[in-house]
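Undergrad: Got a predicted model here, sequence first, then my questions.
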Amino acid sequence: SIPLSFFGGIGGASKKGILVKGSNYLEALANAEIVVFDKTGTLTKGVFTVQEIQPVEISKEELLELAVYAESYSNHPISLSLKRAYKKEIDYGRISDVEEIAGYGVKAVVDGKQILAGNEKLMKKMNISFLREDFVETVVHIAVDNQYEGYILIADEIKKDSFEAIKNLKAIGIKQTIMLTGDTKNIGHKISKDLGIDKVYAELLPGDKVEKLEELFSLRSLKGKLVFVGDGINDAPVLARADIGIAMGGLGSDAAIEAADVVIMTDEPSKIATAIKISKKTLRIAN
Ligand code: ADP
Ligand code: MG
């Protein structure tokens, strides 16, 4: 039977905006050993702003318009940032054959021309040569009918609370913190270094993240649990696979809330350490 203190633990957590979907997860949290984070929307705000527009021949306005039209049907944080910078209304009649390629970007026909907007991997995949690739910002390269037209740099910001989050996890004895990202190695290393995260794996496609998680299981001890924290955009399968999947509420999708074992209702990753502390305390009372 479930010790009475578990109800107190789950209740106490929920008062702090932490929903634990059962006493077994509360118990597992007390043995959390490795905490793996998704980057965008979890440790960073997930709100990008346009930093630079660098066309080859056309004007900056034209390059931004191409990207916005190609991205018009996407809800990815990258797409939203481009639309915010564009400020004009989109004439959806000009757009057809839209395809979003997870981890790469988008492909769409605009005014009868094929537009590609996405990262270096997308350009390589389509055999389009592009300008430099050592950015510390996120880059969206744009091509029209297989001709390179330039790039747009956008940047996300680390959440203030993320610094606290990593510090607190170390303070309560978490063995390792790890970050997974679909973004470049440059960006991944910069953010993990700023935050004091132990390990980072970058340039992962959404499917690669599940495989990486499987590898990381071997790092934990016999009793130790592996936690994955994500915002649910492209990472619901990883949430489902972890010993404890924690979805962050800020941008979380219904699929994420469904797949998760624990849901944090706010966008504060420091609540992970709070949840682990509550679970440890609950177990001490139960035993
Ligand atoms: P993360 O792991 O950072 O949450 P995603 O898996 O959502 O990122 O995307 C990984 C990378 O794929 C992004 O950093 C971006 O370069 C590219 N990408 C994905 N979707 C889009 C899009 N709609 N437009 C442009 N680039 C995209
Ligand atoms: Mg993501």
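TA: Everything's here; your move. Residues are numbered from 1 along each chain as shown. Ligands and ions are numbered 1, 2, ... in the order given.

Undergrad: Point me to the residue of the stretch 151-287 of the chain nearest ligand 2.
TA: residue 233 (4.3 Å; C-beta to the ion). In this view, the C-beta of every residue, glycine as well, is placed from N, C-alpha and C.

Undergrad: Could you pull up the contacting residues of the closest residue to residue 46 other than its chain neighbours?
TA: Using C-beta to C-beta, 6 or more residues apart in numbering and skipping residues adjacent in sequence, the residue nearest residue 46 is residue 77, 4.8 Å away. Going by C-beta atoms under 8 Å, 6 or more residues apart in numbering, residue 77 touches 40-41, 46-48, 156, 233, 251.

Undergrad: before we move on, what about residue 236?
TA: Neighbour list for residue 236: 230, 253, 255-256, 258-259 [criterion: C-beta under 8 Å, 6+ apart].

Undergrad: which among the residues you listed gets closest to ligand 1?
TA: residue 230 (8.2 Å; C-beta to the nearest ligand atom).

Undergrad: from what I can see the closest one touches residue 255, true?
TA: No - Residue 230 is beyond contact range of residue 255, at 10.9 Å (criterion: C-beta atoms under 8 Å).

Undergrad: And the two? Which one has more around it.
TA: Remark: of residue 230 and residue 255, residue 230 carries more neighbours, 29 against 16, as counted by other C-beta atoms under 10 Å.

Undergrad: mind checking pLDDT for that one?
TA: Per-residue confidence (pLDDT) for residue 230: 92.

Undergrad: who touches it in this structure?
TA: 37-38, 42, 236, 238-239, 245-248, 256.

Undergrad: Mind doing that once more with 7 Å?
TA: Residues near residue 230 by C-beta atoms under 7 Å, 6 or more residues apart in numbering: 38, 42, 238-239, 247, 256.

Undergrad: just the helices in the stretch 51-200 of the chain please.
TA: For the stretch 51-200 of the chain, the helices defined by DSSP state H, counting those that start in this stretch cover 60-71, 77-86, 120-125, 160-171, 185-195.

Undergrad: could you say what helices and strands the fourth one packs with?
TA: This points to helix 160-171. helix 185-195, helix 271-286 (3 or more C-beta pairs under 7 Å, 6 or more residues apart in numbering; DSSP states H and E).

Undergrad: Please identify the most buried of these.
TA: helix 271-286 (a mean of 20; mean count of other C-beta atoms under 10 Å).

Undergrad: re the thing from before, please name whichever of the helices of the stretch 51-200 of the chain is nearest to residue 99.
TA: Distance to residue 99, taken as C-beta to C-beta, is lowest for helix 60-71 among those, at 9.9 Å.

Undergrad: ok now the closest one, how far from the chain's centre?
TA: Averaged C-alpha coordinates place helix 60-71 at 24 Å from its chain's average position (C-alpha atoms, centre = their mean, to the nearest Å).

Undergrad: relative orientation of it and helix 77-86 in degrees?
TA: 140 degrees (axes from the mean of the first three to the mean of the last three C-alpha atoms, to 10 degrees).

Undergrad: Could you verify my assumption that residue 157 touches residue 43?
TA: No - in this structure, residue 157 is not within contact of residue 43 by C-beta atoms under 7 Å, at 10.3 Å.

Undergrad: Of these two, which one has the most company?
TA: For residue 157 versus residue 43, neighbours defined as other C-beta under 10 Å are more numerous around residue 43 (29 against 13).

Undergrad: Enumerate every residue touching that one.
TA: 37, 158-159, 162, 179, 191, 195, 269.

Undergrad: please redo it, this time with the cut-off set to 10 Å
TA: Applying C-beta atoms under 10 Å, 6 or more residues apart in numbering, one finds that residue 43 lies in contact with 37, 156, 158-159, 161-163, 165-166, 177, 179, 181, 191-192, 194-195, 197, 229, 231, 248, 269.
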